[in-house]
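# my questions concern the predicted model and sequence given below.
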Amino acid sequence: MHDGTGFSPPTRKRVLAAAAAMGWVPSGPARGLAFRKTGIVGLLFPDLASFSESEEESPLFIDQVIRGAERAAAAAGVAVLIAATRGAGRKLARSVVGQVDGLVVLARSLPVKDIQIFSRSVPIVVLADRLNGSRLDYVGADNRGGMRELTAHVLTVHRFTRLAFVGGPARSPDSQERFAGFRMAMRAAGLSVPGRPAADGGFTEAGGARAMRALLASGKPPQAVLFGNDEMAVGGLSVLRAAGVRVPSGIAVTGFDDIALSRHVQPSLTTVKQPMRDLGGQAVRVLLARVAEPASRRQSLVLPTQLVVRRSCGCTTRRGMAA
C-alpha cells in the first residue's frame, strides 16, 4: 500500500487497523522499489588486471574517479554501488541494473552492444568513451587536446624531433584519443607521423618499465618518450635510472593524469592534469539529472585538461597552462 488510494474508505480503515495491530510501519526501501527509486546509482569499471596476467597493478585513475563519484552521490543523498566487471560483465551488469536507479559505465567495462541493451532498463551515463553514434549521456576529458599541447611543448620548446609515444591497452578510448593528439602535433610540426604507438604499456607501472626497456634495446632510443599516463612514466623512469640514463639530458619523459606521485618522483614529471575526481562527480550528477528528467536533452560533457610542466621534459621551473 503506497498512499491508501485505490481502496474504499472502509477497506482502507480495516487495513490500517490491522497494520497497526501488527506493529507495521512503512518501509522506505520498499516504497522506493515500487516507484523504481532505490536511492542507489551504480558505477561499473573494468578490472584492468584481467586484461593481462602480467600487469601488476590497476591505474590510480580509477580510484580517483570513484572518489569523485562517491562525493557527488553523498552530496545528493544517494549511495553508490561499485563493481568491477572482471570479464563477466554482462552477468554482473544484469545483477547491478536490478538494484540501481541508473548506471555510470567506465570505458571498457562492457561491450557497446551490452550497454545499449541495458540502457533500455535504466539510464546510463558513459564515462570516457564516446560510443560513436550513441544517444546516451557522456562525460569525458579532453585527452586529445591535452596530449596535443604536451607534444607541441616537447617539439617547440625543447626542439626534440625523435619522439616515442607509449600507449595504454589498444582498446582504451583514452589511449586512442591521446595518441591522436600526439599524431596531430607531429603532423603540425611537419614530422613523420607514426601509424601506431611505439609500445603498449598497459597503463601500468610494470608495463611502462617493459616499454622503456624495449625502447632502450631498439638500437636508436628516442630523444623523448611520451607515456599515455603517469603510472607508465614512473615505470619508465625507474628503468632509465637503473640503466644510468639521465633524465632529461639523456632521454626526456612525460606522462598524463597528474597523479600525486608525479610531483614526487625524481625528476618531477611533466604531465597533463585531467580532472579525475570531477569526471566521476560530473558523471553522477548527469546521471541523477537523467533519472529525474528521463526525456531531457542528451548531455555530452568534455572537461578541460591542463599542461603541467616540471623537470622531466627539460624545463627548470614549473608552470601550468590550459590545454
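That came through fine.

# please save the CA atoms from stretch 147-162 in PDB.
Presented in PDB, the C-alpha positions along stretch 147-162 are these (Å, rounded to 0.1, in the frame of the first residue of the first chain):
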ATOM      1  CA  MET A 147      48.300  15.400 -25.400                       C
ATOM      2  CA  ARG A 148      48.500  17.600 -28.500                       C
ATOM      3  CA  GLU A 149      49.500  20.500 -26.200                       C
ATOM      4  CA  LEU A 150      52.100  18.400 -24.400                       C
ATOM      5  CA  THR A 151      53.600  17.100 -27.600                       C
ATOM      6  CA  ALA A 152      53.800  20.600 -29.100                       C
ATOM      7  CA  HIS A 153      55.600  21.700 -25.900                       C
ATOM      8  CA  VAL A 154      58.300  19.000 -26.300                       C
ATOM      9  CA  LEU A 155      58.600  19.700 -30.000                       C
ATOM     10  CA  THR A 156      58.800  23.500 -29.900                       C
ATOM     11  CA  VAL A 157      60.300  24.400 -26.600                       C
ATOM     12  CA  HIS A 158      62.900  21.600 -26.400                       C
ATOM     13  CA  ARG A 159      63.200  21.000 -30.100                       C
ATOM     14  CA  PHE A 160      63.200  17.200 -29.900                       C
ATOM     15  CA  THR A 161      62.300  15.500 -33.100                       C
ATOM     16  CA  ARG A 162      62.700  11.800 -32.300                       C
END
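
# other residues contacting it?
For stretch 147-162, the surrounding residues in contact (CB atoms under 8 Å, 6 or more residues apart in numbering) are 163, 177-182, 184-186, 188-189, 191, 220, 222-224, 226, 228, 248, 252, 254, 256, 270-272, 305, 307, 309, 313-315, 321, 323. Yep, even glycine has a C-beta here, placed from its N, CA and C like the rest.

# selection in ChimeraX covering whichever of the residues you listed are buried, please.
One line in ChimeraX is enough to select the buried ones among the contacts of stretch 147-162; burial here means 16 or more other CB atoms under 10 Å:
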select :163,177,178,179,181,182,184,185,186,222,223,224,226,228,248,252,254,256,270,271,272,305,307,309,313,314,315,323
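
# how about low-confidence regions in the stretch 201-323 of the chain?
The stretch 201-323 of the chain contains residues with pLDDT under 70 at 317-323.

# got the residue ranges for the strands in it?
Assigned by DSSP state E, counting those that start in this stretch, the stretch 201-323 of the chain shows strands spanning 224-227, 252-254, 271-273, 300-303, 306-309, 319-322.

# can you give me how far the fifth one is from the chain middle?
Same thing as strand 306-309. Centroid separation between strand 306-309 and its chain, computed with CA atoms, centre = their mean, to the nearest Å, is 19 Å.

# per-domain residue ranges of the chain.
What automatic domain parsing lists as the domains of the chain is 40-140+276-292, 143-273+307-322.

# span of the shortest one from start to end?
Chord length of domain 40-140+276-292, first to last residue, is 13 Å (CA to CA, to the nearest Å).

# number the chain from 11, please
Taking 11 as the first residue, the last one we looked at is domain 50-150+286-302.

# chain center to that domain, what's the gap?
9 Å.

# how far away is G290 from A82?
7 Å (CB to CB, to the nearest Å).

# compare the two and say which is more crowded by neighbours.
G290 (29 against 23; other CB atoms under 10 Å).

# how far away is the more buried one from M157?
21 Å.

# what does D124 give?
Noted for D124: a distance of 29 Å to M157, by CB to CB.

# about what we covered before: looking at the strands of the stretch 211-333 of the chain, which is closest to L137?
Closest to L137 of those is strand 310-313 (CB to CB; 10.1 Å).

# could I get the buried residue list for the closest one?
Residues of strand 310-313 classed as buried: L311 (neighbour count, 16+ other CB under 10 Å).

# mind listing what's buried along the helix or strand H163 falls within?
Secondary structure assignment for H163, by DSSP states H and E: helix 153-166. Judged by neighbour count (16+ other CB under 10 Å), helix 153-166 contains these buried residues: 153-165.

# ok, stretch 124-139 next?
Buried residues in stretch 124-139, counted by 16+ other CB under 10 Å: 124-126, 128-129, 132-139.

# between all of those residues, which two are separated the most?
Spanning the widest gap among the buried residues of stretch 124-139 are V132 and A138, at 19.3 Å by CB to CB.

# just to check, S182 is in contact with R118?
Yes. S182 lies in contact with R118 (CB atoms under 8 Å); the separation is 6.4 Å.

# looking at those two, which is more packed in?
More crowded of S182 and R118, by other CB under 10 Å: S182, with 26 against 20.

# quick one: the more buried one from K230, how far?
Distance from S182 to K230, by CB to CB: 27 Å.

# dump the residue contacts of the closest residue to V282 other than its chain neighbours.
Spatial nearest neighbour of V282, chain neighbours left out: G156 (4.0 Å); criterion: CB to CB, 6 or more residues apart in numbering. G156 makes contact with R188, G191, F266, V282, Q284, T315, Q316, L317, A333, according to CB under 8 Å, 6+ apart.
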